[in-house]
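> Below are the sequence and a predicted model for it; my questions follow.
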Amino acid sequence: MNSFFEELKRRNVVKVALAYLVAAWLAMQVIDVMFPALKVPEWVASAVAILLIIGFPFALIFAWAFEITPEGLKREKNVDRSESVAAKSGKSLNRITIAILVVAVAFLLADKFVLRPEGPSVISQADVKPSVAVLPFVNMSDDKENDYFSDGLAEELLNALAKVPQLQVAGRTSSFQFKGENEDLRLIGQKLNVSNVIEGSVRKSGARLRITAQLIDTENGYHLWSNTYDRKLDDVFAVQDDIAREVTEALKVKLLGDQPSQPKHGTTNVDAYNLYLQAMYFNDHTSADNYARADAALQSAVALDPAYADAWALRAIVTTNIVTGNAGTGSPSFVKAYETVRKYAAKAAQLDPELPGARIAQGVVAYFADFDPETAVGFFSEALEYAPNDVNAMSWLADALISLTRYEDATTLTAKLVRLDPLSIVAHRERGDSLALAGQPEEAIAVYEDALRLQPDAARLHGRIARILISQGDLRQAATEIAKEPVEWEREQLAVMLNSKGQDSPAFQAAAQAYADKHGTPESYQIAEVYGYVGDKDNAFFWLDKAWEVNDPGLRWYRSSEFLVPLHYDPRWQALGEKFGF
């Protein structure tokens, strides 16, 4: 036996085995790092591993049966022992093995400190939050007008789950993109970045309800939990509590030791609750008419239950959307209209100080009515403390952070916002804004284009791309984007800038005056940007002062406007900032 092992060593079989194993290990390390980056299918790596395993015995047989000589490869039995160079070959194998080991160590160090500098790629199980999306519940009633009720029921469940800090909950806008779509739940899970979805149906007949809800694993499509509830309509709140409690149990939230927050409905009046659900439905379907319908529904809801905090908070938000002209001409008097918003927000906060919606409403008042983004940031942050997954609070917070030029904080927040609400136009818009102002214009354009793929006719996205292109001097492509912008005032504002080519001239002055005559003081901030772009400082400061007088909503981002940069070195700019307070 000893002579056999001695022969293995003489023929360098042991050294070949060691060199082969080291080289194979190094090859698999390189494959593990490089193949995913090159998007090579996983089966290719498995095939290489199998080939390396199969090749090992053949390498040993080859080393035993053959010897490399100065004359070339010969069978070992045909080599005279006195002429054998096996010892010399063994030294060469030692050098090769050492060289491979050096390369392996260098690769491991590069992989740890260069290729993966941001920390370990493996996330501990404790850091992974269960993720879920609540899909719109299907209205199975004969009356299709009850869609608002089934949508509202799903939203109530979503809001309840969003208050559980141990859960990652997809935003409403993204989840509700699949309303009426019969798409594979596994694909929905991929699009929403969630591992579970909740779907259900509502059948309403008179005063009777049958609600079915089920929790589904999006990886394999298997049902994890389901239940059916037969209730009278006046018992709907108890049904929602049952669903929220059982779903959170199914996701094993309590393994972390915290009890999930129980849903708070804010009213015991079923008619007021139904009106609130209608208002949420109309507010989500953005148009001037729908905002008016939402406001009318909320007015009736608070008349039925004056202590309904949720309705007061939502009324403040709806009124803000109307006042600022999100889908219409806006208010002719911002200052007066904001006082109405203030009244509604104060009522909501008085009735339920811990209501996230009340915190958001108070933040909106601070942001618009009081022109105080610092205080607004505090209110929006408090809303997120009560409901960590509230995408509305995140969106408002990101907007306020941008107004304070806290671009890094806004970029971090909007990354989470898009992750939670990946199909939301608002989420993408805020994400693009934060990237553009953080000095990443190309990445911002890519995000805006992603949003346009979600909704090609979305407002104020082509205009945002055009602003970046104008600031980069790409006027030809900017003209293409401006032509596609559906919002008239923004399209016309950017067209005036584009045609000026950044130069003050009589033709520009005529076009700017025509824009000001047409749109007037409600567009004071936009008029200031027009003049600022060509360096007409006097007119720019005049219209910024006018924007301050009328409390123009656009003024909140005056520090971030690329078109007002020519004003920054004028002494009036510092005085303006002192007057504005930030």
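Arrived safely, thanks for sending.

> burial of the nearest residue to residue 500 once chain neighbours are set aside, as a residue count?
Excluding its sequence neighbours, the residue lying closest to residue 500 (Cβ to Cβ, 6 or more residues apart in numbering) is residue 508, at 4.2 Å. Glycine gets a C-beta too; all of them are placed from N, C-alpha and C. Neighbourhood size, residue 508 [other Cβ atoms under 10 Å]: 21.

> for residue 187, helix, strand, or coil?
Here residue 187 is helix, with the state taken from DSSP: H, G, I helix; E, B strand; the rest coil.

> And for residue 202?
strand.

> So for it, what's the pLDDT?
Note for residue 202: predicted pLDDT of 85.

> Same check on residue 159?
pLDDT for residue 159: 79.

> Only alpha carbons, please: show the helix or strand encompassing it as CSV.
Using DSSP states H and E, residue 159 falls within helix 147-162. Taking Å, rounded to 0.1, in the frame of the first residue of the first chain, the C-alpha atoms of helix 147-162 are listed here in CSV:
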residue,chain,number,x,y,z
ASP,A,147,-68.2,49.7,-6.6
TYR,A,148,-67.3,52.5,-4.2
PHE,A,149,-68.3,50.3,-1.3
SER,A,150,-66.2,47.3,-2.3
ASP,A,151,-63.2,49.6,-3.1
GLY,A,152,-63.6,51.4,0.2
LEU,A,153,-63.7,48.1,2.1
ALA,A,154,-60.4,47.1,0.6
GLU,A,155,-59.0,50.5,1.4
GLU,A,156,-60.0,50.3,5.0
LEU,A,157,-58.3,46.9,5.2
LEU,A,158,-55.2,48.4,3.6
ASN,A,159,-55.1,51.3,6.0
ALA,A,160,-55.4,49.0,9.0
LEU,A,161,-52.5,46.9,7.8
ALA,A,162,-50.4,50.0,6.9
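
> pretty sure the residue nearest to residue 500 contacts residue 534?
Yes. The criterion here is Cβ atoms under 8 Å, and residue 508 meets it with residue 534 at 5.9 Å.

> Name the residues contacting each of these two.
Common contacts of residue 508 and residue 534 (Cβ atoms under 8 Å, 6 or more residues apart in numbering): residue 500.

> one step back: packing partners for the helix holding residue 159?
Secondary-structure packing of helix 147-162 (3 or more Cβ pairs under 8 Å, 6 or more residues apart in numbering; DSSP states H and E): strand 131-134, strand 138-139, strand 168-169, helix 172-175, strand 196-205, helix 236-250, helix 270-284.

> Next, format the ones you listed as CSV and append distance to residue 54.
As requested, these are exported to CSV (distance: least, Cβ to Cβ, whole Å):
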stretch, distance to residue 54
strand 131-134, 41
strand 138-139, 54
strand 168-169, 44
helix 172-175, 48
strand 196-205, 42
helix 236-250, 46
helix 270-284, 60
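
> shaky segments in the chain?
1-11, 33, 35-42, 63-94, 104, 107-129, 144-146, 233-265, 285-287, 326-332 (pLDDT under 70).

> gap between the residue nearest the centre of it and residue 432?
What sits nearest the mean C-alpha location of the chain, by Cα atoms, centre = their mean, is residue 418, with 0.6 Å. Using Cβ to Cβ, to the nearest Å, residue 418 is found at 10 Å from residue 432.

> Residue 148 too?
According to Cβ to Cβ, residue 148 and residue 432 sit 31 Å apart.

> more crowded one of the two?
residue 432 (27 against 20).

> hang on, the more buried one in a helix?
Yes. Assessed by three-state DSSP, residue 432 belongs to a helix.

> Double-check that residue 405 belongs to a helix.
No. Per three-state DSSP, residue 405 lies outside any helix segment and is coil.

> Any chance of the backbone angles for it?
Per-residue torsions, residue 405: phi 60, psi 30 (degrees, to the nearest 10).

> Against residue 324, how distant is the residue lying closest to it once chain neighbours are set aside?
Counting by Cβ to Cβ, 6+ apart, residue 559 is the residue found nearest to residue 405 once chain neighbours are left out, at 5.4 Å. Noted for residue 559: a distance of 19 Å to residue 324, by Cβ to Cβ.

> Could you verify my assumption that residue 413 touches residue 394?
Yes. The criterion here is Cβ under 8 Å, and residue 413 meets it with residue 394 at 6.0 Å.

> Settle it for me: which of these two has more neighbours?
Relative neighbour count places residue 394 above the other of residue 413 and residue 394, with 25 against 22, counting by other Cβ under 10 Å.

> Now do the contacts for that one.
Residue 394 sits next to 380, 384, 413, 414, 416, 417, 420 when contact means Cβ under 8 Å, 6+ apart.

> Quickly name whichever of those residues is closest to residue 545.
Closest approach between those and residue 545, by Cβ to Cβ: residue 380, at 28.4 Å.

> count of residues packed around the closest one?
Burial of residue 380 is recorded as 30 neighbouring residues (other Cβ under 10 Å).

> Residue 208 too?
Residue 208: 11 neighbours (other Cβ under 10 Å).

> Spatially, which residue comes closest to it, not counting chain neighbours?
Spatially, and ignoring its direct neighbours in sequence, residue 208 is nearest to residue 232 (6.3 Å; Cβ to Cβ, 6+ apart).

> wait, doesn't that neighbour sit right on residue 210?
No. Using Cβ under 8 Å as the test, residue 232 is too far from residue 210 to be in contact (11.0 Å).

> Can you pick out the residue with more neighbours from these two?
Here residue 232 and residue 210 are compared on neighbour count by other Cβ under 10 Å; more neighbours surround residue 210, at 16 against 13.

> helix/strand/coil for residue 226?
What three-state DSSP gives for residue 226 is strand.

> can you pull up the bridge partners for it?
residue 214 (DSSP bridges).

> Count the residues that sit near it.
When neighbours are counted by other Cβ under 10 Å, residue 226 comes out with 15.

> Equivalent analysis for the one 3 residues further on, please.
Burial of residue 229 is recorded as 18 neighbouring residues (other Cβ under 10 Å).

> Tell me if it really is in a strand.
Yes. The assignment for residue 229 (three-state DSSP) places it in a strand.

> buried stuff in stretch 350-366?
Residues 351-352, 355-366 are the ones in stretch 350-366 that count as buried (16 or more other Cβ atoms under 10 Å).

> Which one of these is nearest to residue 481?
Nearest to residue 481 out of the buried residues of stretch 350-366 is residue 364 (Cβ to Cβ; 29.8 Å).

> Wait, that closest one touches residue 317, no?
Yes. Under the criterion of Cβ under 8 Å, residue 364 makes contact with residue 317 at 6.6 Å.

> next one: the helix holding residue 159 to chain centre, how far?
Centre-to-centre, helix 147-162 and its host chain are 21 Å apart (Cα atoms, centre = their mean, to the nearest Å).

> oh, and call the first residue 39 from now on, that's how I've got it
Okay, using 39 as the starting number, the last item reads as helix 185-200.
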